[in-house]
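S.K.: let me see the structure of the following:
(chains A and B)
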Amino acid sequence: MGEIFLLISVVVITLGAIASLKNQLFGFVASSIAIVVSFISLTPETYFFGVLIVLVGLLNLLTLYISQNQIKGVDYALSAMLVFATILVIQTSNFAMLIGTFILVSVPTYVLVILTENKPNVEIAIKYIVFMVFATILFIIGAFLLVYSASEQVYQFYYIIGYVLLVSGLALEVGIAPFHEWVPDVFAEANPVPISIIASIAKFVPFIVAFKILIGTANPVTESIVAFTAFLSVLSMFVGNIGALTSREHGRVLGYSTVANMGYVLATLVAIVKLEFVYLAISGALLQLFANSAGKIGFFSAIKERTVGASFTYVLAFSFIGMPPLMGFWSKLFILLSLVYSGYVWLGVILVINSAISVPYYIRLARELGKGYGYGLVNVIALIAVLITLITLYPPDWFVQSVRGIVDTFSLGGVV
Amino acid sequence: MNEIPLFAVLFLSPVVSSLPIALAWIYKQGEDWVKKLPYLSVAGLFVSLLISLHILFNFEEGFYSYPWLPDFNINFVFVVDYLSRYMGALTAFIAFLIGVYGLEYMKDDYRLGWYWFFFNTFTASMLLVVYSDNLLTLLIGWEGLGLASWGLIGHWFRDDDDIAFVGTKGRKVGMLEMSWSPSFGGWRAISTIRFGDMPMFFAIAGIYALTGSLDIHAIPWEGMFERIGYFGTIFLLILFMMGPFTKSAQLPFSEWLMTAMTGPTTVSALLHSATMVAAGTYLFMRITWYIEPWNSHIPGLEAVYLFILFLGLVSSLYGAVVALGLRERKVLLASSTMSSLGLMFSAASTSFWLGEVAIIVAFWYLIVHAFAKASLFLVAGHLIHATHDRFCGGDFAFSKKMKTAFAVTILATISLAGIPPFTAYWVKSGMDGLMEHIMEEGLIAPFYLLVLISIFYSAFLAKFLSLNFIKGEKPHHEHTEGGGLMKVAYAVMVSMQLVLLAVILLGYDEHIHFVEEGFLEISITVGLLVTVAYLIALFKPSIRSLSPLGNFLTDRMYMPFINDYIIPQIGWGIIKVVDSCNRGIDLTVHRAIPSVFDEVSRAIRTIQKGHLRTYMKIVTGFVMVFMVIFALVGW
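M.R.: Just a heads-up that it's a prediction; the model follows:
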């Protein structure tokens, strides 16, 4: 039943893209409508998750609205496709569809990264695309190996290699150490608005697909191989946080911040060993991605135009640091809980230590990017981002319930 | 049960009656009507005296208890037995007499409120210590004694009058100046006492933890000692006795008593001769009375009591010898007090071999000493007041103007020295008897030490008399009029010697058997030796050729170095260690850690060379390494 709305949504996006050649406002309106329509396709249990995705998606469109680039009008469509893919991925369990969604969320970003207000940024784009393609390859090969080993019940060799390849692919895609080299350069030199889109909405699908595949193919060997994920996670946390401490350019700092945040999210993959707590882990992961999205959008907008109020930048900084009752606190709490329940207390301790290490550079960002009282549309964007982080003033039990609704549909269909 | 309210009034009356002067002096200092308020304080002391006499003559012996923390078995338990009846009456009576003396002695003081408050608080605390059977309430009184001691010794805190100092300003031995001010004296007193109170606290806590009871008569001493074994017994008892040792100024804790003479003479008379310092020996006697070591066969006890026996004798010998060389009136008397306290400890400790009778002897020596020494201190105070000089001085012409003082001093010194047939002779005979009996246990030295100490004791008492009234230098300043109330006070005080003599000779107390001891051959011999020493010292109080030795003794055999140099150096050493730890923490947190983070951060950022080929090399390299590792693992 929901597929109809997804279909309508895609059609509207496409039509809007075409119509935008006439007047770019058509593209904006059509993409916004398409996003809302795709939301309708969701089942009621997952509404809260959907609402947040839609909010982030609309916010991305808003940031595009106030910026200029070479393909004005079509850029809305590209951004809307990312939202579409994110909403699609939680409704499908078909292996082929999952792989397809992974690619679907990756490709529009190849175009987005080139966009600037004057000369296209080809060099950065090449760097980015090479990494992304490599990521996709590794991820797909890994996914296939995992599914094969699960179906043949041959777990020793293929499963392990598949796992390593999948996680490496994921790491390359989202920017996890030691595969993070593209992140600081791209975040520093590309245009802030497209980067904010890549840094926000494009991170959800890779993780959700990884979760679905790994949970679907979980077996006794998983317990030992999960150490690899833990290792990458720890490395990423430290590299991201410590690297940001002495970086000067704001974009670069945000790049390292992304590396660290992806490390936090990757840590939740460890909780697969205890399937009864995996809902908590996924809640933590998704909430962390939301907090990360809101924060990155807010900060990149401030980089684009220095008219954002200091109060907003400080709230966003505190959300990143993990101060209650902001969203960043709750996400880290859920992640910690899932780690502790799975028996990875040491990983939780490292997470907390890293939160502490991250304080100086977030405060520095807030201080340097926020100026007194903000004004203008950019300030409004920042305000909406702040409001998103404040949603958890009402304790996010509602979010966890929503995630349960998603997790209940996890089953790897079509192959296993 | 109307005894409990009486006890309450006994303890509270002095404190409450001193509150008016204490408060009034803060707001209305120096006014005429305020200066009459000390009479109220002394009236409060009188009330306590009446109650203590009532307890002495009319109370049944026993334990009177009032609930406090019944769930913890900690209550107010007051004991009326042989020791507490006499000690309570003694404390209240001496406190009252000295209070009367103080009305005149302190009438022009600048801190009357402070003085009377602490004076009365002291009396209340001492009475609490005397009558308490529960160790916790005793501890409360004990701490009150220390606090009052600090307040009273450092009473003339402005350190502006040389008459209040101890020692000679400007006189140096090594790097130490042999001069101590009132404020410093107060500090020394409380810090030394505190040093001993801490182990005592722990010992009491240990007793409670081991037995669940804090009432001295109810604690199962023998069972507890058996449980904790030989070393446990020694450890626990020595810890406990640290309180009495410091309070009663035994070696090496004697210095505070010497410099406590910076306080007013009334304070010296009450606290540092008769009552507070005696609290340590009193406590020792009390717990010995109930432990009954002569009945038990606990091996650790013998070691402890042997230790106390010799500690007491050595401290006593030290005090007596040093007193021979001292030239300040009050410090001489203080040193002699230390000597007497040592004798009390050692006499009481012989109870391990000889039974309850030893405690009785020690206790009666305490009583005799209290009245005699208090009289001497009061006289010394009057002398200092009259000559405005704290050093011994006064010739025969002077003594004609101070007839009462002269007579009182003669009576007090003769009674205390042990010259037959005066009061202390009989008690000292009892002590000689004790020391002679323990020779059968193989302990030969104590008897000879006791004789030696007695000789020195008698000698310096005679020296005190001689240098102040007969053969001393003529005073530069004479102000001998007045002092009526003071004369009455010390005359009454010394007349107690005759009362005690009567009690001993007429056999009013069935516990005392000194009279038989006094007629033994050995006692008569010792008595004669003592008399001879007295007469020699009377006629030749100072020997010029022994001046260097005299200086050595006046410097108290360099004991001040422990308090004023060695212990502080240890403290400074600890400070240096702590300081370097602080510096280390500082260095780590403020310099080492940030610079480490700095270095690592720069290292991470150097990866970002900007060239895609570098990145690809890194990435593919890692992927291949991981694959190889995990392929091997998987195989």
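S.K.: drop to CA atoms for contacts and neighbour counts, all remaining ones
M.R.: Will do.
S.K.: check which helices and strands the host helix or strand of A:Thr258 sits against.
M.R.: Using DSSP states H and E, A:Thr258 sits in helix A:250-267. Contact here means 3 or more Cα pairs under 8 Å, 6 or more residues apart in numbering or on different chains; DSSP states H and E; on that basis helix A:250-267 packs against helix A:182-189, helix A:222-245, helix A:278-304, helix A:327-341, helix A:345-369.
S.K.: who are the contact partners of residue 260?
M.R.: I went with chain A, as the question did not name one. Taking Cα atoms under 8 Å, 6 or more residues apart in numbering or on different chains as the definition of contact, the neighbours of A:Ala260 are A:176, A:236-241.
S.K.: I was after chain B.
M.R.: Under the criterion of Cα under 8 Å, 6+ apart, the contact partners of B:Ala260 comprise B:153, B:182, B:185-186, B:189, B:268, B:272.
S.K.: for the longest helix along chain B, the averaged confidence score.
M.R.: For chain B, the helix with the greatest residue count under DSSP state H is helix B:356-387. For helix B:356-387, the mean per-residue pLDDT is 91.
S.K.: swap in stretch B:314-326?
M.R.: Across stretch B:314-326, the per-residue pLDDT values average to 92.
S.K.: where's it relative to the chain centroid, distance-wise?
M.R.: Here the centre of stretch B:314-326 is set off from its chain's centre by 17 Å, with Cα atoms, centre = their mean, to the nearest Å.
S.K.: got the contact list for it?
M.R.: For stretch B:314-326, the surrounding residues in contact (Cα under 8 Å, 6+ apart) are B:250-251, B:331-333, B:335-343, B:449, B:452-453, B:456-457, B:459-460, B:463, B:549-554, B:556-557.
S.K.: with stretch B:545-563 instead?
M.R.: For stretch B:545-563, contacts defined as Cα under 8 Å, 6+ apart pick out B:176, B:178, B:252, B:255, B:321-327.
S.K.: same question, stretch A:159-167
M.R.: The list of residues contacting stretch A:159-167 from outside it, by Cα under 8 Å, 6+ apart, reads A:138-146, A:149-150, A:210, A:225, A:228-229, B:623, B:626-627, B:630-631, B:634.
S.K.: and the helices in the stretch 201-350 of chain B, which stretches?
M.R.: Secondary structure of the stretch 201-350 of chain B (DSSP state H, counting those that start in this stretch): helices located at B:221-247, B:255-259, B:265-269, B:276-291, B:299-325, B:329-349.
S.K.: turn these into TSV, including mean neighbour count and distance to B:Ser595.
M.R.: Formatted as TSV, these follow (neighbours: other Cα atoms under 10 Å in any protein chain shown; distance: least, Cα to Cα, whole Å):
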stretch	mean neighbour count	distance to B:Ser595
helix B:221-247	20	50
helix B:255-259	25	52
helix B:265-269	28	62
helix B:276-291	22	59
helix B:299-325	23	59
helix B:329-349	29	62
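S.K.: keeping just the C-alphas, turn stretch B:592-600 into PDB.
M.R.: Coordinates of each C-alpha in stretch B:592-600 appear next as PDB, following Å, rounded to 0.1, in the frame of the first residue of the first chain:
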ATOM      1  CA  ALA B 592      52.200  17.300  29.900                       C
ATOM      2  CA  ILE B 593      48.700  16.300  28.800                       C
ATOM      3  CA  PRO B 594      47.900  19.300  26.600                       C
ATOM      4  CA  SER B 595      51.200  18.900  24.800                       C
ATOM      5  CA  VAL B 596      50.700  15.200  24.200                       C
ATOM      6  CA  PHE B 597      47.300  16.000  22.700                       C
ATOM      7  CA  ASP B 598      48.900  18.700  20.600                       C
ATOM      8  CA  GLU B 599      51.500  16.400  19.200                       C
ATOM      9  CA  VAL B 600      49.100  13.600  18.400                       C
END
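S.K.: quick revisit: name the residues of the helix holding A:Thr258 that are buried.
M.R.: If you call a residue buried by 16 or more other Cα atoms under 10 Å in any protein chain shown, then helix A:250-267 has these buried ones: A:250-267.
S.K.: do the same with stretch B:448-468
M.R.: For stretch B:448-468, by 16+ other Cα under 10 Å, it's B:449-468.
S.K.: got the residues of chain A near chain B?
M.R.: Listed as neighbours of chain B in chain A under the rule Cα under 8 Å from any Cα of the partner chain: A:127, A:156-157, A:160-161, A:164-165, A:168, A:178-179, A:181-182, A:184-185, A:239, A:242-247.
S.K.: kindly recompute the last result at 7 Å.
M.R.: Applying the criterion Cα under 7 Å from any Cα of the partner chain, the portion of chain A that neighbours chain B consists of A:127, A:156-157, A:160-161, A:164, A:179, A:181, A:185, A:239, A:242-243, A:245-246.
S.K.: flag the least confident of these.
M.R.: Ranked by pLDDT, these bottom out at A:Gln156, which scores 74.
S.K.: picking that back up, please check the contacts of stretch A:159-167 and keep the buried ones.
M.R.: Buried subset of the contacts of stretch A:159-167 (neighbour count, 16+ other Cα under 10 Å): A:138-146, A:149-150, A:210, A:225, A:228-229, B:623, B:626-627, B:630-631, B:634.
S.K.: taking those residues one by one, which sit in helices?
M.R.: A:138-146, A:149-150, A:210, A:225, A:228-229, B:623, B:626-627, B:630-631, B:634.
S.K.: and the stretch 501-635 of chain B, which residues reach chain A?
M.R.: Proximity of the stretch 501-635 of chain B to chain A is assessed by Cα under 7 Å from any Cα, with B:597-598, B:601, B:604-605, B:608, B:610, B:612, B:615, B:619, B:627, B:630-631, B:634-635 identified as the residues in range.
S.K.: what is the neighbour count of the closest residue to chain A within the stretch 201-350 of chain B?
M.R.: Nearest residue of the stretch 201-350 of chain B to chain A, counting by Cα to the nearest Cα: B:Ala209, 39.5 Å away. By other Cα atoms under 10 Å in any protein chain shown, 11 other residues sit near B:Ala209.
S.K.: separation between the residue in chain A positioned nearest to chain B and B:Met627?
M.R.: At 4.5 Å from chain B, A:Gly243 is the closest residue in chain A, using Cα to the nearest Cα. Taking Cα to Cα, to the nearest Å as the criterion, A:Gly243 is separated from B:Met627 by 27 Å.
S.K.: shaky segments in the chain?
M.R.: Picking chain A for this. Applying pLDDT under 70 to chain A flags residues A:1, A:155, A:411-416.
S.K.: I was thinking of chain B, sorry if that wasn't clear
M.R.: Chain B contains residues with pLDDT under 70 at B:1, B:634-635.
S.K.: which bits of it sit near chain A?
M.R.: Among all residues of chain B, those adjacent to chain A (criterion: Cα under 7 Å from any Cα) are B:597-598, B:601, B:604-605, B:608, B:610, B:612, B:615, B:619, B:627, B:630-631, B:634-635.
S.K.: could I have the buried ones of those residues as ChimeraX selection syntax?
M.R.: Command for ChimeraX that selects the buried part of the residues of chain B next to chain A, burial taken from 16+ other Cα under 10 Å:
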select /B:597,601,604,605,608,610,612,615,619,627,630,631,634
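S.K.: my guess is B:Pro67 is in a strand, correct?
M.R.: Yes: when classified by DSSP: H, G, I helix; E, B strand; the rest coil, B:Pro67 is found to be part of a strand.
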